[in-house]
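> using only what follows, build the 3D model:
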Amino acid sequence: VMWSLKRATEWTIVAVEDGFEKLGRAVARKPWRTLASVAVAVFACSAGLAAFSIETDDAKLWAPQDSQSVGFQSRMNALFGYRDIHVYFYGVPANGGNCLTQNRILDLYDAYANVTTIEVSEGGQVYNLSNLCRKAGSFEPYSDICNVQSVLQWWEYNRSLIENDPDVLATLNTTVLDYTGIEVSHASVLGAVEYSATTGAIESAGAFVVSAWLVNDASLSDIEAQNPKQTCEWEIKFGESMMKGNFGGIITYPSARCYERKLIEGSLTDDLYLMVLDYVIMLAFASYVLSTDSWLTSKASMAVVAVGFVLLSMLSGFGLGSAFGLQYSAMVQLLGFLLLGLGIDDAFVIVQSYRQVKDRSSTESIMGSTMRIAGSSITVTSISDAVAFMSCLGNSLPVIRAVCGFGAIAVLIDFAYQVTGFVAMLTFAHDREETAKADCLCCVPVRKPELTCRGRELDRARPSALQRFLQTTYSDAILSKVGKCTIILLAVSLLGVSCWKAPQIEADYDFKWFVPFNSPLQKTYEVAETYFDGDQRSFTVITGSVDYSNDTVQTSMQELEDDIVNRHDIQSCRSWSTAFVDFYTNKYGNETLSSGLAPSDLYFEWLDEFLLTDGRGWYNAIENTSLLSATSITGTRYTCITARRQFSGQNLVKMMDGVVESCDIHAAELDSFPYAQMFHFLDGLKIMKAETLVSLSIAA
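You can find the predicted model right below:
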């Protein structure tokens with residue numbers, strides 16, 4: 001068996017070498033035709049860019065498409081359409097200190113007033129906060145009032161009331177309801193709140209937060225529906241207006257999805273200069289490696305050719321990948337750096353093989369011998385690189401599949417361009433050398449071709465400085481006894497540390513990692529962490545089409561909310577069901593059943609009354625073809641908010657799994673499930689470690 005394998009290997013090597021020698025000779029005979037063929041291939045592959053698309057939807061990038069979060073999103077969208085859009089800004093005193101003074105609250109009012117003046121135009125219509133926001137109720141006067149949450153609610157968003165208030169702290173220590181009839185908590189509108197140790201009254205706070213929700217009325221069939229155009233443009237203008245806005249004594253820091261996305265994408269675009277710098281550095285390095293101390297034999301100009309073919313392979317790879325349905329995302333930009341290093345080494349091998357050829361009787365024989373020497377090496381390395389990329393094509397995360405797909409295609413195309421187009425250009429470089437013309441200045445003759453730039457006699461076989469270092473100093477060092485022992489010790493130490501630490505690898509997630517360190521958004525996150533103990537996370541609990549008047553369903557609604565709050569580090573869940581129970585208990589307590597549940601025959605009558613009075617803010621949480629005079633409900637939703645603290649990715653995964661488990665317990669009665677945008681990242685995080693190990697195993 002071993003003899004057969006040896007013979008098969010030898011036959012394969014000879015066949016590959018013969019094939020590449022024939023290719024080299026063919027290219028040398030017709031270099032212009034070869035370059036024309038490469039140009040046709042570039043044009044054909046690049047035609048696929050007509051199908052080029054950029055994917056920014058988190059659900060389609062970071063979550064397995066068969067994951068529970070994607071399924072939850074589809075179910076929620078089917079009931080309610082896309083979620084309303086949360087926008088907010090923080091207000092921090094410019095000089096620090098307590099923000100609960102009359103002057104600072106007036107400054108906050110000015111900041112809020114500025115938000116109300118922000119306008120955008122789309123389709124001949126002017127949009128501002130008043131016609132984009134979610135309303136406080138379904139009937140007048142609340143149908144014309146935006147549901148904005150802030151400390152200004154204590155003064156009914158009236159500047160005169162603030163100016164004439166003799167004691168703002170006393171006012172803040174009273175109970176106030178928002179426009180939807182729900183009590184406003186200090187923790188929801190203030191950060192770093194301090195209370196009196198004796199009376200429990202609020203004494204100071206470090207920052208404000210003003211929140212609003214924009215209605216998302218986009219069609220579900222619209223591919224860009226997650227943010228309607230007019231809403232997205234308003235968010236961007238809102239962010240630009242409020243970022244580090246100085247309103248008297250406070251500085252503001254906004255957050256809005258479209259604004260954040262624009263900043264992130266803009267930062268990535270601005271960072272393209274780093275890619276240009278990378279290519280310049282690589283070009284300089286390649287020129288050094290390919291040069292010699294003779295203007296005649298130097299091949300420094302071939303560095304430009306090598307980098308050029310790498311760029312063409314990327315262009316072709318993106319075109320062909322787009323034709324195959326791969327979608328571009330910010331992560332794919334990594335290939336711009338990665339493919340440069342992987343692609344240019346083929347050129348190094350080809351030029352070095354060219355210099356090793358002894359028989360220099362003709363251009364055709366030289367190129368044939370060059371490719372006979374280089375062909376096997378660059379084939380093995382290129383296939384290895386392509387297989388490494390292909391190993392993760394089965395990854396569950398679409399963003400990883402896209403990176404690997406584009407990378408594998410580009411590596412193989414670069415291999416094809418280097419063994420054809422680069423060799424054709426090397427043929428021209430050889431002809432230039434034969435006619436005694438200078439490298440980089442191909443029209444300038446070399447006056448003394450028999451001499452080097454230093455006046456020594458030209459020796460074509462003389463190795464370069466790098467080769468001399470590797471052949472002498474480096475090889476002597478690693479082959480000595482001390483060198484061997486050092487290498488063995490380092491290898492064993494590295495293996496030991498890897499085996500020790502590998503089981504401790506943890507996958508984590510923080511949205512800040514996707515934001516450039518110099519982005520102004522980092523200041524918004526810093527304010528959240530400093531004054532609000534980190535960003536609060538929210539998720540929506542959805543219940544389906546069930547008979548809500550049924551006693552078992554009413555009980556399950558209460559139990560589900562209690563279960564989520566009590567088990568999963570949740571600050572609050574305020575559902576329409578709890579508010580409804582409070583309403584009918586206060587008004588019809590003597591008519592309720594002994595269990596405290598609404599009579600099934602009166603349930604919808606009371607619900608209609610609730611939605612027209614105290615429950616006006618819940619009208620958009622209940623889905624029905626006719627909101628009032630309802631006799632059935634097709635779905636409901638309410639929001640839960642996590643405690644304000646720093647969450648690791650693993651803690652968020654545990655929280656998500658726990659909430660899903662709670663909803664599953666009551667799913668038989670309520671058809672309940674949770675959803676949040678962050679669930680997409682967390683579902684990806686859950687499988688990331690296992691997927692990485694699988695990909696490494698396949699690559700190995």
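> C-alpha from now on. contacts and neighbour counts both.
Fine.
> show me what counts as buried in stretch 363-374.
The neighbour-count check on stretch 363-374 (16 or more other Cα atoms under 10 Å) flags 363-374 as buried.
> now distance to Thr292, secondary structure and pLDDT too, for these, in a markdown table please.
Output for these, formatted as a markdown table (distance: Cα to Cα, whole Å; DSSP: H, G, I helix; E, B strand; the rest coil; pLDDT from 0 to 100):
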| residue | distance to Thr292 | secondary structure | pLDDT |
| --- | --- | --- | --- |
| Thr363 | 20 | helix | 89 |
| Glu364 | 23 | helix | 91 |
| Ser365 | 23 | helix | 92 |
| Ile366 | 19 | helix | 92 |
| Met367 | 20 | helix | 93 |
| Gly368 | 23 | helix | 93 |
| Ser369 | 21 | helix | 92 |
| Thr370 | 18 | helix | 93 |
| Met371 | 21 | helix | 94 |
| Arg372 | 23 | helix | 92 |
| Ile373 | 21 | helix | 91 |
| Ala374 | 20 | helix | 92 |
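> from the residues you listed, which is closest to Tyr109?
Comparing those against Tyr109 with Cα to Cα places Ala374 closest, at 72.4 Å.
> low-confidence stretches in the stretch 251-400 of the chain?
Scanning the stretch 251-400 of the chain for pLDDT under 70 picks out 267-271.
> 80 instead, please
264-275, 292-296, 330, 358-361, 394-396 (pLDDT under 80).
> then the stretch 501-650 of the chain?
502-518, 533-538, 567-572, 574, 589-596, 614, 616-620, 623-632, 642-650.
> which parts of it are strands?
538-543, 570-574, 622-623, 635-642 (DSSP state E, counting those that start in this stretch).
> let me see the ranges of the strands in this protein.
Ranges of strands within the chain are 85-93, 120-122, 125-127, 190-191, 194-195, 202-204, 207-214, 245-247, 250-255, 538-543, 570-574, 622-623, 635-642, 673-675, based on DSSP state E.
> distance of Val276 from Gln471?
33 Å (Cα to Cα, to the nearest Å).
> nope, Pro228 is what I meant
64 Å.
> compare those two (neighbour count), which wins?
Ranked by neighbour count (other Cα atoms under 10 Å), Pro228 and Gln471 place Pro228 first, with 15 against 12.
> adding distance to Trp3, write the buried residues of stretch 363-374 out as JSON lines.
Shown next, in JSON lines, are these (distance: Cα to Cα, whole Å):
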{"residue": "Thr363", "distance to Trp3": "38"}
{"residue": "Glu364", "distance to Trp3": "36"}
{"residue": "Ser365", "distance to Trp3": "33"}
{"residue": "Ile366", "distance to Trp3": "34"}
{"residue": "Met367", "distance to Trp3": "33"}
{"residue": "Gly368", "distance to Trp3": "30"}
{"residue": "Ser369", "distance to Trp3": "29"}
{"residue": "Thr370", "distance to Trp3": "30"}
{"residue": "Met371", "distance to Trp3": "28"}
{"residue": "Arg372", "distance to Trp3": "25"}
{"residue": "Ile373", "distance to Trp3": "25"}
{"residue": "Ala374", "distance to Trp3": "27"}
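> which non-adjacent residue is nearest Ile13?
Nearest non-adjacent residue to Ile13, counting by Cα to Cα, 6 or more residues apart in numbering: Ser376, 7.4 Å away.
> my guess is that neighbour contacts Asp18. True?
No - checked against Cα atoms under 8 Å, the pair Ser376 and Asp18 is beyond contact range at 10.2 Å.
> just give the number of residues close to Asp476.
13.
> could you do Met2 as well?
Met2: 7 neighbours (other Cα under 10 Å).
> per-residue pLDDT of it, please?
For Met2, the model assigns a pLDDT of 75.
> that older thread, reformat the strands of the stretch 501-650 of the chain as TSV; add mean neighbour count and distance to Gly248.
As requested, the strands of the stretch 501-650 of the chain are arranged in TSV below (neighbours: other Cα atoms under 10 Å; distance: least, Cα to Cα, whole Å):
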stretch	mean neighbour count	distance to Gly248
strand 538-543	22	32
strand 570-574	17	33
strand 622-623	20	42
strand 635-642	21	32
